[in-house]
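Asks: With the sequence up front, the predicted model follows.
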Amino acid sequence: MTGPVVRADDLGKLFSDRAGLFQAQSETGVRAVDGVSLEIAHGETLAVVGESGCGKSTLGRLLLRLIEPSSGKVFLEGEEITGLTRSQMRKFRQRAQMVFQDPYGSLSPRRTVAQIISEPLEVFGLVKNRAQQRDRVAEMLTQVGLPTAVMDRRPRQFSGGQRQRICIARAISVDPSFIVADEPVSALDVSIQAQVINLMQDLQREKQFSFLFIAHDLAVVRHMADRVAVMYLGRIVEMGTKRSIYTAPQHPYTQALLSAAPEAKVSRGNGRIVLQGDVPSPRRVPPGCSFHTRCPIAQDICRKERPPLETKGDGQAVACHFAKPFPIPVG
């Protein structure tokens with residue numbers, strides 16, 4: 001297909017405070033996602049990174065319309081989904097799936113593996129009878145590296161890595177064009193993480209779906225991503241190819257994240273950047289550049305004017321008044 005599989009235009013989500021039973025809803029609250037625009041190409045993996053609370057997971061749920069946006073639009077394969085009714089969303093659900101962080105909490109303990117994987121097949125009418133359903137479940141289990149003999153077992157009989165494989169099998173069973181993977185390996189042992197990541201990459205190459213890959217582990221992202229978007233307090237502050245982000249980040253926040261990563265080999269003269277202070281509350285986002293309270297190069301303009309996300313070259317977009325490459329040899 002031509003054009004992006006997924007596109008978001010000025011997407012925002014405000015979790016508003018409620019003043020009381022008989023009072024109007026307040027416009028104050030947590031602005032979890034604030035004016036995010038992005039595109040994800042066919043077969044591409046866009047990774048979203050940032051500290052806890054930056055809005056990564058909310059963004060993923062907005063793209064799937066698991067939560068309703070406060071502003072902006074989302075398009076899937078050229079079709080706007082933000083205005084669809086509940087019945088119209090049925091078609092969309094088949095094309096867009098999610099793999100959650102917790103493989104323990106996202107599987108019903110009362111259902112068998114066969115029931116779990118076949119549920120979306122039944123919902124979307126993709127199987128005609130029980131025999132066809134069992135065949136499809138067996139096929140999915142084989143694709144994620146599990147024996148077909150386990151299909152009548154329940155989740156408690158599996159390890160964390162095996163449960164996540166079951167979650168992945170459920171997600172790909174309906175042949176989606178887009179998958180949001182929200183910290184899919186963070187709950188797993190390090191020894192298992194690489195196996196699950198390699199599995200997801202193999203499946204993506206075979207089936208050519210697009211990924212939004214949400215993570216905080218920069219080593220995992222470096223292995224998985226084609227492009228990287230860095231979020232801070234609900235906004236994308238830098239976005240570009242994996243190579244440009246990891247070797248020459250231009251936003252001070254990206255530079256600080258990468259220079260502190262265990263795999264970073266910071267050259268002499270480019271010392272590690274230590275951020276001062278804590279992340280501000282998302283209820284009270286600083287004016288101007290939201291990062292200026294912790295930024296080592298902030299000036300007066302940063303406190304007054306919000307920098308737009310502008311392309312600086314090589315497709316790398318940065319929201320900073322004083323963007324400048326900071327070479328960080330890694331790997």
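Replies: Thanks, I have the structure now. Numbers count the residues shown, from 1 in each chain.

Asks: from here on, contacts and neighbour counts on C-alpha atoms
Replies: Will do.

Asks: wait, Gln101 sits on Val180?
Replies: No: because the distance of 10.6 Å does not satisfy C-alpha atoms under 8 Å, Gln101 is recorded as not touching Val180.

Asks: Please identify which of those two sits among more neighbours.
Replies: Comparing Gln101 with Val180 by neighbour count (other C-alpha atoms under 10 Å), the higher total belongs to Val180, at 26 against 20.

Asks: Are we agreed that that one is in a strand?
Replies: Yes: assigned with DSSP: H, G, I helix; E, B strand; the rest coil, Val180 falls within a strand.

Asks: ok now do it, which residues does it touch?
Replies: 60, 64, 96-99, 211-214 (C-alpha atoms under 8 Å, 6 or more residues apart in numbering).

Asks: how about the helices in the stretch 51-200 of the chain?
Replies: Taking DSSP state H, counting those that start in this stretch, the helices of the stretch 51-200 of the chain run over residues 56-63, 89-95, 113-123, 130-143, 160-172, 190-207.

Asks: residues near the nearest residue in space to Gly35 that is not next to it in sequence, how many?
Replies: Of all residues beyond its chain neighbours, the one nearest Gly35 is Asp10 (4.2 Å), with distances taken as C-alpha to C-alpha, 6 or more residues apart in numbering. Counted by other C-alpha under 10 Å, the residues lying close to Asp10 total 14.

Asks: Now the helix or strand harbouring Asp10 - C-alpha only, CSV.
Replies: In this assignment (DSSP states H and E), Asp10 forms part of strand 6-18. These are the backbone C-alpha positions of strand 6-18, laid out as CSV (Å, rounded to 0.1, in the frame of the first residue of the first chain):
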residue,chain,number,x,y,z
VAL,A,6,-1.0,4.8,10.9
ARG,A,7,-1.1,8.6,11.1
ALA,A,8,-1.9,10.8,14.1
ASP,A,9,-2.6,14.5,13.6
ASP,A,10,-2.2,16.8,16.7
LEU,A,11,-3.4,14.1,19.0
GLY,A,12,-4.2,15.0,22.6
LYS,A,13,-5.6,13.6,25.8
LEU,A,14,-6.7,15.5,28.8
PHE,A,15,-7.8,13.5,31.9
SER,A,16,-9.9,16.3,33.4
ASP,A,17,-10.6,16.8,37.1
ARG,A,18,-14.2,16.8,38.2
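
Asks: That strand packs against which elements?
Replies: For strand 6-18, the contact count by 3 or more C-alpha pairs under 8 Å, 6 or more residues apart in numbering; DSSP states H and E identifies strand 25-40, strand 71-76 as packing neighbours.

Asks: Give me whichever of those is most buried.
Replies: strand 71-76 (a mean of 19; mean count of other C-alpha atoms under 10 Å).

Asks: That one versus strand 178-182: what angle between them?
Replies: Strand 71-76 and strand 178-182 meet at an angle of 120 degrees, taking axes from the mean of the first three to the mean of the last three C-alpha atoms, to 10 degrees as the criterion.

Asks: shouldn't the residue nearest to Gly35 be in contact with Val33?
Replies: No: counting by C-alpha under 8 Å, Val33 is not a contact partner of Asp10; they are 9.5 Å apart.

Asks: which residues do the two both contact?
Replies: With contacts defined as C-alpha under 8 Å, 6+ apart, no residue is adjacent to both Asp10 and Val33.
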